[in-house]
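Trainee: model the structure of this input:
(one chain, ligands or ions: 1)
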Amino acid sequence: MSDAAVRSMNLSVFLTACGNYHHLGWRHPKAWVDGSTNINRWVEMANIAERAKLDMLFIADQIAIVGSETLSTTENSSKVNRFEPLTLLSALSAHTKNIGLAGTCATSYSEPYNVARMFASLDHLSGGRAGWNCVTGGQKEEAQNFSLERHAAHEIRYERANEFADVVIGLWNSFEEDALVYDKDSGRFFDSSKIHALNHRGKYFSVRGPLNVSRSPQSRPIVIQAGASEATIEMASRIADVVFTAQADFDSACDFYSRIKSATITRGRCADSIRVMPGLSVFVATTREEAQAKFDALHDMIDVKDAIEGLERLLGGIDLSGFDQNDPMPALEGNDLRKSGPGAFAQIGRKNGYTLGQVAVRAKAARHHCLVIGTVNEIADHMEHWFLNGAADGFNLLPAIVPGTLTDFCDLVVPELQSRGLFRSEYDGITLRENMRLQSPYE
Ligand SMILES: Cc1cc2nc3c(=O)[nH]c(=O)nc-3n(C[C@H](O)[C@H](O)[C@H](O)COP(=O)(O)O)c2cc1C
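Mentor: From the prediction side, this is the model:
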């Protein structure tokens, strides 16, 4: 696809070195198990994604072992071991050339000056490929690693996150493009009139600035928000370039898409300045039976009791012990840790007529993201339908078995999307913003 005016699907991949988006992905006979802190595995995955011309790879984060109070009951979780994302992305920047490098840094457990500095540095290191997933964090175990008893209330977290993001974005604007003059004759390294203090004084932060990193190639690294609640919509429509979200079906995805686009327009931004990228877990093969067999091999290992306990954690600690696994999935309300998730899981139950046990087992495979099992054409049809009919601007892929489901997608589905004219065949820019065809926020 060479015509810059043609709308191209955005594709990101949520990388985990043990395929841990499916809780038991690491147990597949061909799955890597030693990837979490093995840089060679990450480089191989990044290269696979870059060969397929994906826009970006994304590395999520939790600053704790979740379930650490009861480690003995979570021994099947590969998430016990992980790299710190910015360190990893910096290493990957040296092994890749075009693919965007996005990672999470939660606003509840950091300071905006640190975040502005780290992502501006990554943007320089990578030649303009950095993306910040600006989330508030969601686990009590994280709070307990930062001298707090519990995670702050949802409203407070988002209030702090909004101010946090404004400071980060303000700091990225510290240097004008030509602030560094390097004039050996006059002895002037920089022009002080072109470096600006921020002088921010708000409810949560006092930050004088300026940032001690010069304007980076993208000026403003890509900002991502992840979630689906009203607070996410409010914040994303104000400051984000990309929204990652979990939407299990077409109708919910369309509803979310239209709400976030209208909120963005209300803020005076154009609808295309924000890209909605729901998660997508794909099991693909040349026949549907083969694809289903790939899925079943993992699915059959899930223990329903373990899945229900996992669902309780995903729901922010909702107690499901009063229900039997064969009961219809109960109606659930959002809570302070998880606003949108409980309603979404309840809807999966309602729409599919699933019992609590069935929803819990499905959650182990893809949480409340969309899950598609089928042939190349069926997967491409699904993606095309969402892309062309107001449900998505692209997708955040969630490989369940690493590297198998990542290579399956890149080798089988990407060429089909390209031949349909839905996805470009070459990187056509230098920076992540250019490759995603996102407008500069300063234009
Ligand atoms: C694709 C995706 C990636 C996410 N990555 C992270 C992450 O790395 N760290 C984190 O603490 N939360 C992460 N979240 C969770 C969200 O930040 C948010 O807490 C959750 O989706 C609930 O959002 P809500 O407030 O909109 O209900 C992610 C969510 C999605 C959909």
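Trainee: tell me which residues in stretch 55-70 are buried?
Mentor: Buried positions in stretch 55-70, judged by neighbour count with 16 or more other C-beta atoms under 10 Å: 55-67. Backbone N, C-alpha and C define where each C-beta goes, glycine included.
Trainee: is any part of it close to the ligand?
Mentor: Yes - applying C-beta under 6 Å from any ligand atom, one finds that stretch 55-70 is in contact with the ligand at 60-62.
Trainee: quick one: mean pLDDT for that stretch?
Mentor: Per-residue pLDDT values over stretch 55-70 give a mean of 91.
Trainee: likewise for stretch 203-215?
Mentor: Here stretch 203-215 scores 98 as its mean pLDDT.
Trainee: CA atoms of that stretch as CSV?
Mentor: The C-alpha trace of stretch 203-215 is given here as CSV (Å, rounded to 0.1, in the frame of the first residue of the first chain):
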residue,chain,number,x,y,z
LYS,A,203,-2.5,19.0,43.0
TYR,A,204,-0.1,16.1,42.8
PHE,A,205,3.1,17.4,41.3
SER,A,206,5.4,20.4,41.4
VAL,A,207,7.9,20.2,38.5
ARG,A,208,10.1,23.0,37.5
GLY,A,209,11.8,21.5,34.5
PRO,A,210,13.2,21.9,31.9
LEU,A,211,13.8,18.3,31.0
ASN,A,212,17.5,17.5,30.6
VAL,A,213,17.0,15.6,27.4
SER,A,214,16.8,17.5,24.1
ARG,A,215,13.8,17.3,21.8
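Trainee: chain center to it: distance?
Mentor: Mean-position distance between stretch 203-215 and its chain equals 25 Å (C-alpha atoms, centre = their mean, to the nearest Å).
Trainee: likewise stretch 196-214?
Mentor: Computed by C-alpha atoms, centre = their mean, the chain-centroid distance of stretch 196-214 equals 27 Å.
Trainee: quick revisit: can you redo the buried residues of stretch 55-70 as TSV with distance to Ser12?
Mentor: Conversion of the buried residues of stretch 55-70 to TSV gives the following (distance: C-beta to C-beta, whole Å):
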residue	distance to Ser12
Asp55	6
Met56	5
Leu57	7
Phe58	5
Ile59	11
Ala60	12
Asp61	16
Gln62	19
Ile63	22
Ala64	25
Ile65	26
Val66	23
Gly67	27
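Trainee: ok, of these, which one's closest to the ligand?
Mentor: The closest of these to the ligand turns out to be Ala60 (C-beta to the nearest ligand atom; 3.1 Å).
Trainee: just to check, the closest one is in contact with Phe14?
Mentor: Yes - between Ala60 and Phe14 there is a contact at 6.5 Å, judged by C-beta atoms under 8 Å.
Trainee: quick revisit: inside strands: which ones of the residues of stretch 55-70 next to the ligand?
Mentor: Using DSSP state E, no member of these sits in strands.
Trainee: on that earlier part again, among the buried residues of stretch 55-70, which two are most distant?
Mentor: Between any two of the buried residues of stretch 55-70, the greatest separation by C-beta to C-beta is 32.5 Å, found for Asp55 and Gly67.
Trainee: quick one: residues contacting the residue nearest to Ser68 when sequence neighbours are not counted.
Mentor: The shortest distance from Ser68 to any residue that is not its chain neighbour, by C-beta to C-beta, 6 or more residues apart in numbering, is 5.3 Å, and that residue is Glu141. Glu141 makes contact with 62, 64-69, according to C-beta atoms under 8 Å, 6 or more residues apart in numbering.
Trainee: name the element Glu141 belongs to?
Mentor: Assessed by DSSP states H and E, Glu141 sits inside helix 140-143.
Trainee: narrow the contacts of Glu141 to those in helices?
Mentor: With DSSP state H as the criterion, helices contain none of the contacts of Glu141.
Trainee: now for the longest helix anywhere in the chain, which elements pack on it?
Mentor: The residue-count maximum for a helix in the chain (DSSP H) belongs to helix 154-172. Where contact means 3 or more C-beta pairs under 8 Å, 6 or more residues apart in numbering; DSSP states H and E, helix 154-172 is packed against helix 112-125, strand 200-201, strand 206-207, helix 230-239.
Trainee: try it again with 6 Å
Mentor: Under the contact definition 3 or more C-beta pairs under 6 Å, 6 or more residues apart in numbering; DSSP states H and E, helix 154-172 sits against helix 112-125, helix 230-239.
Trainee: so for the closest residue to the ligand within the chain, what's the pLDDT?
Mentor: Scanning the chain for proximity to the ligand using C-beta to the nearest ligand atom identifies Gly227 as nearest, at 2.6 Å. The pLDDT attached to Gly227 in the predicted structure is 90.
Trainee: next one: Ala5
Mentor: Confidence score, pLDDT, at Ala5: 50.
Trainee: where's Phe58, which helix or strand?
Mentor: Counting by DSSP H and E, the element that carries Phe58 is strand 56-59.
Trainee: tell me the mean pLDDT over the next helix-or-strand element following that strand?
Mentor: Remark: after strand 56-59, the chain's next helix or strand is helix 85-93, criterion DSSP H and E. pLDDT averaged over helix 85-93 equals 98, rounded to a whole number.
Trainee: whatever helix or strand comes next after helix 85-93 near the ligand at all?
Mentor: Under the assignment DSSP H and E, the closest C-terminal helix or strand after helix 85-93 is strand 100-104. Yes - under the criterion of C-beta under 6 Å from any ligand atom, the ligand is reached by strand 100-104 at Thr104.
Trainee: swap in stretch 105-121?
Mentor: Yes - using C-beta under 6 Å from any ligand atom, stretch 105-121 reaches the ligand at Ala106.
Trainee: excluding sequence neighbours, find me the nearest residue to Phe205.
Mentor: Beyond its immediate neighbours in the sequence, the residue positioned closest to Phe205 (C-beta to C-beta, 6+ apart) is Val167, lying 5.5 Å away.
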